[in-house]
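A.B. asks: what shape does this take:
(one chain, ligands or ions: 1)
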Amino acid sequence: MLNEICVVGLGYIGLPTLITLALNGFKVFGVDKNKKVVKMLDQGLIHIKEPNLEKHFGDLIYKNKISIRNNLSTADVFMICVPTPIDNDGKCDLSHVIKSVKEVCQYLKKGDLIIVESTVPPTTTENIIKPIIEEKGFKVGKDVFLSHCPERVLPGNIMHEIIFNSRIIGGCTDNCNRKTASIYNKFVKGEIILTDSKTAEMAKLYENTFRDINIAIANELIKICNKLGIDGLKVIEYANKHPRVDILKPGPGVGGHCLAVDPYFIIEKCKSESKLIATARKINNSMPYFIVDKVKKLLSQIKKPKISVFGLTYKENIDDIRESPALKIVKILEKIGYQVQVYDPLIRYYEDSVIDSIVEDSDLILILTAHNQFREIDYKRLASKMRTPMILDTRNALNIEDEDIKYYNLGNIN
Ligand code: SAJ
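C.D. replies: Residues are numbered from 1 along each chain as shown. All right, here's what the predicted structure looks like:
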């Protein structure tokens with residue numbers, strides 16, 4: 001019987017997974033190496049911002065339905081949700097996964113199940129993780145069970161998607177699939193697909209790669225239209241009226257721990273076959289420089305320009321700044337010598353009056369993330385405080401038509 005589940009790694013995926021399992025009646029405990037995180041969680045406080053997480057978590061901790069620990073111990077199921085960042089050579093850094101699997105092996109007993117939810121390069125489960133377990137004398141599929149079941153939830157909507165999205169289970173054997181499905185069947189309302197581990201690994205990577213390539217199409221279109229003096233945003237709007245066309249949104253670049261990272265896990269395995277993927281990455285990585293060039297042009301006639309950046313997170317309405325193109329843009333602007341002030345109410349709390357002091361005497365509001373709050377701002381009032389009332393909206397989040405404000409987006413800036 002698979003009675004107790006240990007979730008290893010309590011970040012953006014592990015914590016919501018732990019909560020969902022507990023809400024669905026599983027006996028669970030969570031382990032994280034970060035002592036600060038463990039201390040916070042143990043007090044019922046959450047270290048990440050994600051809708052509907054805190055209210056459930058506080059309640060579960062209060063009712064002793066979840067315990068948080070610094071170290072592993074025995075369990076029946078181990079779910080590995082640790083990060084797989086990219087290293088300096090552009091390759092997947094598997095060290096957290098490998099370390100976690102080795103630690104799990106110290107507590108492994110016959111009948112246990114290990115599920116790797118972390119995103120990994122294709123063949124990792126079979127060629128790297130399985131041998132670590134078998135080295136300890138366990139036969140995978142007979143003594144213990146191993147599957148890759150990639151997380152597919154969208155930050156900002158995790159608690160919904162963790163239940164309603166379909167799941168791909170890539171077990172090392174049919175037995176591994178059966179055991180793994182018996183866990184997800186209890187809380188997933190989407191389809192549960194059973195396959196082998198390398199197919200599951202690749203499907204996960206290609207979902208994000210598909211999106212990255214499609215965003216690159218939108219970003220490249222903006223550059224082309226810009227050169228030809230065409231409003232690229234209008235081109236996207238009109239082209240998308242075709243029943244089989246759906247061009248995504250152009251912007252200042254692609255961030256986050258998924259789209260900006262996962263494609264490299266394919267490139268590292270098959271460099272000469274993945275030219276389109278690599279080109280898309282290059283296009284998306286070039287967008288911060290494209291934006292900086294536009295900013296330079298807008299401010300070229302202004303002495304000691306001051307820029308107010310709105311939004312630092314990698315996308316709207318979340319507090320995550322990992323791989324955020326906004327960070328890169330701010331860094332370059334500061335290096336050039338511009339005076340830059342950042343306003344991001346999702347990262348820290350500001351008194352109402354702070355926004356006024358941020359835009360005071362400013363020459364440009366540069367919108368890099370489309371938080372909902374930014375749509376509710378009275379820009380006419382803010383413009384009256386600026387030295388040069390100019391806005392560059394890289395996310396096409398606003399639609400300002402006001403003769404007192406020079407409003408630019410990626411469609412009308414040349
Ligand atoms: N972006 C654009 N234009 C768009 C859409 C997104 O520039 O039209 C940018 C965003 O601003 C952001 C980046 O792309 O910087 C990524 O944002 P996202 O919302 O596309 O995706 P993530 O990284 O937050 O989450 C993705 C999701 N994958 C897919 O939608 C295929 C999610 O389902 C995955 O679980 C997650 O990656 C993950 O963990 O792999």
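A.B. asks: sketch out the low-pLDDT regions of the stretch 101-250 of the chain for me.
C.D. replies: Within the stretch 101-250 of the chain, not a single segment meets pLDDT under 70.
A.B. asks: just the helices in it please.
C.D. replies: 124, 130-135, 158-164, 174-184, 197-228, 232-239 (DSSP state H, counting those that start in this stretch).
A.B. asks: residue contacts, the residue in the stretch 1-150 of the chain that the ligand sits nearest to?
C.D. replies: Nearest residue of the stretch 1-150 of the chain to the ligand, counting by CB to the nearest ligand atom: residue 119, 5.9 Å away. C-beta coordinates here come from the backbone N, C-alpha and C atoms, glycine included. Residues in contact with residue 119 (CB atoms under 8 Å, 6 or more residues apart in numbering) are 84, 150, 151, 204, 205, 258, 261, 262, 265.
A.B. asks: could you list which of those also contact the ligand?
C.D. replies: Applying CB under 6 Å from any ligand atom, the subset of those adjacent to the ligand comprises 151, 258.
A.B. asks: out of the contacts of residue 119, flag the one nearest to the ligand.
C.D. replies: Closest to the ligand, out of all of the contacts of residue 119 and judged by CB to the nearest ligand atom, is residue 258, at 3.1 Å.
A.B. asks: how close does the nearest residue to residue 176 once chain neighbours are set aside sit to residue 372?
C.D. replies: Residue nearest to residue 176 in three dimensions, not counting chain neighbours: residue 145, with 4.3 Å by CB to CB, 6 or more residues apart in numbering. Counting by CB to CB, to the nearest Å, the separation of residue 145 from residue 372 is 44 Å.
A.B. asks: more neighbours, those two?
C.D. replies: The neighbour count for residue 145 versus residue 372, taken as other CB atoms under 10 Å, is higher for residue 145 (25 against 11).
A.B. asks: centroid-nearest residue for this protein?
C.D. replies: residue 256 (3.8 Å; CA atoms, centre = their mean).
A.B. asks: so that one: helix, strand or coil?
C.D. replies: coil (DSSP: H, G, I helix; E, B strand; the rest coil).
A.B. asks: nearest residue to it in space, please, no chain neighbours.
C.D. replies: Per CB to CB, 6+ apart, closest to residue 256 is residue 314, 4.5 Å.
A.B. asks: kindly report the same for residue 37.
C.D. replies: Leaving aside its chain neighbours, residue 37 sits nearest to residue 47 (5.3 Å; criterion: CB to CB, 6+ apart).
A.B. asks: swap in residue 302?
C.D. replies: Counting by CB to CB, 6+ apart, the residue nearest residue 302 is residue 363, at 5.1 Å.
A.B. asks: report how many residues lie close to the one you found.
C.D. replies: For residue 363, using other CB under 10 Å, the count is 23.
A.B. asks: so it touches residue 305, yeah?
C.D. replies: Yes: counting by CB atoms under 8 Å, residue 305 is a contact partner of residue 363 at 4.6 Å.
A.B. asks: overlap in contacts, the two.
C.D. replies: residue 299.
A.B. asks: roughly how far apart are residue 209 and residue 75?
C.D. replies: Residue 209 is 33 Å from residue 75, by CB to CB.
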